[in-house]
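In: build me a model from this:
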Amino acid sequence: MSLLNFVPPVTEPKSPFGYQKTELPYNQVFWDAFEGGASIDTTNRWTTSTAGGGTVTQTTGTLTVTSGTTANGFGLVQTIPTFLPRNPAFMIEQGQIQLEAAPFILNTYRFWGFGSFPGSPTLASPVTNGVGWEINTDGRLRAVIFASGGRTVIADLGVGLSAGILGTGAQVRVSDGSTHMFVIYFRGDRIVWCMDNYDSVVASVVTGAQGPDINTIGWGALSLPATGATTSAAINLAQVTLSETAHNAFQISDGTFPFRRVTVNASGQISTTATPAAGITPTDRTITSLSGSSQQLMAANAARHSLTVQNTGNANIGVNPTGGTAVIGGAGTLTLAPLGSYTPAIPTLSAVTVIGTAGQPAYANES
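Out: Below is the predicted model:
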């Protein structure tokens, strides 16, 4: 069932041109089922931070974020990439989350969903900008929005959800100790929370007035203790999938990490970042030659592909770019006047030698 059909607040008009709306499957932009054993993918997917007794650990198939019981402690995991809003379409989060059986642990705080977080989250300021699910210190599940640190409760869902709320005809409780699917359809002006199905709505908003203030955010899970906490609270992630309905990933993207996409510059060209070839390290050197003698300015470099030599002093110097003895006025030696420079069209791969009066500086750069 289309999101635009199952919840009246997001119903949109038919095309004025009489087109029939069709809908493609959602486009995955991020996924992790934590299949790397004890190794969290901190290269491509996640960044973690902890304090006090909080932890972030992984076993095959589960990433666990715990609060600990130490004051000012926390466990936090966040996606490395952030995700642009997709208006008029939606970004969608699907978290396969397992919590403890009822009752939920008191005097702890847990949040998961779209969000950005302070460097050291606290109970007073757990999330900066976000749209997600929380279990607060009273042990109740809520759908919440954060805007520049300010929190708004959209729906208090208690410790479980009844068939009347879900409308699925089956009793579903998030506090039964099982893994449940938490879904959020998110864009700046409309947000829908669903439980265990993509069309089981438990909360929604139809305006962006409540936030978040910044809509380009990542996904994260946070657990922290409050005063009086005696038991560490955990969020067990079995899978996190982020997708979008705009199908923007039809652009050139990485097959494994689709959030890595080709960038087009202002001229309409694919933007690339040039990096030095393997084994080539740019070097800057300044050498003062001894009066009447030739000495090496830089060593031979078989991987050299650019070369510049400059006279930064106040007297002439001689440069031999083929590594032979430098003699001002001699064969094979170039004379550079003060502030003069030499950049061959085809750089020599040989050593470069230089000669000048005592104290005379010469500058060279290669890459």
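In: tell me which residues of stretch 54-63 come out buried.
Out: For stretch 54-63, burial by neighbour count (16 or more other CB atoms under 10 Å) applies to 54, 55, 56, 58, 62, 63. (Glycine included, C-beta is placed from N, CA and C.)
In: what does stretch 26-46 give?
Out: 26, 27, 29, 30, 31, 32, 34, 40, 45, 46.
In: just stretch 185-204 next, same as before
Out: 185-188, 190-196, 198-204.
In: tell me which of those residues fall in strands.
Out: Judged by DSSP state E, strands contain the following of the buried residues of stretch 185-204: 185, 186, 191, 192, 193, 194, 195, 201, 202, 203, 204.
In: could you dump those to a markdown table with pLDDT and distance to residue 296?
Out: Below are those laid out as a markdown table (pLDDT from 0 to 100; distance: CB to CB, whole Å):
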| residue | pLDDT | distance to residue 296 |
| --- | --- | --- |
| 185 | 95 | 66 |
| 186 | 95 | 62 |
| 191 | 94 | 67 |
| 192 | 94 | 70 |
| 193 | 94 | 70 |
| 194 | 92 | 71 |
| 195 | 89 | 72 |
| 201 | 90 | 75 |
| 202 | 90 | 74 |
| 203 | 92 | 73 |
| 204 | 93 | 73 |
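In: low-confidence stretches in the stretch 51-200 of the chain?
Out: Scanning the stretch 51-200 of the chain for pLDDT under 70 picks out 159-173.
In: scratch that, the stretch 251-367 of the chain is what I was asking about
Out: In the predicted model of the stretch 251-367 of the chain, residues 251, 266, 272-284, 290-292 satisfy pLDDT under 70.
In: quick one, helices of it?
Out: For the stretch 251-367 of the chain, no helices are identified by DSSP state H, counting those that start in this stretch.
In: tell me where it has strands.
Out: Along the stretch 251-367 of the chain, counting by DSSP state E, counting those that start in this stretch, strands occupy 283-289, 294-298, 307-310, 317-320, 334-336, 341-342, 352-355, 360-366.
In: ok so, going back, so which of the buried residues of stretch 54-63 is the closest to residue 95?
Out: Lowest distance from residue 95 to those (CB to CB) belongs to residue 63, with 10.8 Å.
In: re earlier: deepest-packed of the strands of the stretch 251-367 of the chain, please.
Out: strand 352-355 (a mean of 26; mean count of other CB atoms under 10 Å).
In: what lines up beside it in the sheet?
Out: Note on strand 352-355: by DSSP bridges, its sheet partners are strand 294-298 (antiparallel), strand 317-320 (antiparallel).
In: would CSV of these with distance to residue 365 be doable?
Out: Output for the strands paired with strand 352-355, formatted as CSV (distance: least, CB to CB, whole Å):
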stretch, distance to residue 365
strand 294-298, 9
strand 317-320, 13
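In: returning to that earlier point: just curious, which of the ones in strands among the buried residues of stretch 185-204 is nearest to residue 351?
Out: Comparing those against residue 351 with CB to CB places residue 186 closest, at 60.8 Å.
In: distance between stretch 151-161 and the chain's centre?
Out: With CA atoms, centre = their mean, to the nearest Å as the basis, stretch 151-161 stands 29 Å off its chain's centre.
In: what pLDDT does residue 24 get?
Out: pLDDT recorded at residue 24 is 75.
In: residue 156: which element?
Out: Element membership for residue 156, per DSSP states H and E: strand 150-158.
In: pLDDT (mean, whole number) over the longest strand anywhere in the chain?
Out: Of all the elements of type strand in the chain, the one with the most residues (DSSP E) is strand 234-244. Computed over strand 234-244, the mean pLDDT rounds to 96.
In: pull that strand out as PDB, backbone CA atoms only.
Out: In PDB, the C-alpha atoms belonging to strand 234-244 read as follows (Å, rounded to 0.1, in the frame of the first residue of the first chain):
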ATOM      1  CA  ALA A 234      20.600  -2.000  25.700                       C
ATOM      2  CA  ILE A 235      19.500  -1.300  22.100                       C
ATOM      3  CA  ASN A 236      20.100  -4.500  20.100                       C
ATOM      4  CA  LEU A 237      20.300  -3.700  16.300                       C
ATOM      5  CA  ALA A 238      19.700  -6.700  14.100                       C
ATOM      6  CA  GLN A 239      19.600  -4.700  10.900                       C
ATOM      7  CA  VAL A 240      19.500  -1.100   9.800                       C
ATOM      8  CA  THR A 241      18.200  -0.200   6.300                       C
ATOM      9  CA  LEU A 242      17.800   3.300   4.900                       C
ATOM     10  CA  SER A 243      16.000   3.800   1.600                       C
ATOM     11  CA  GLU A 244      14.300   6.600  -0.300                       C
END
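In: other SSEs contacting that strand?
Out: strand 27-32, strand 62-66, strand 91-98, strand 108-116, strand 218-225 (3 or more CB pairs under 8 Å, 6 or more residues apart in numbering; DSSP states H and E).
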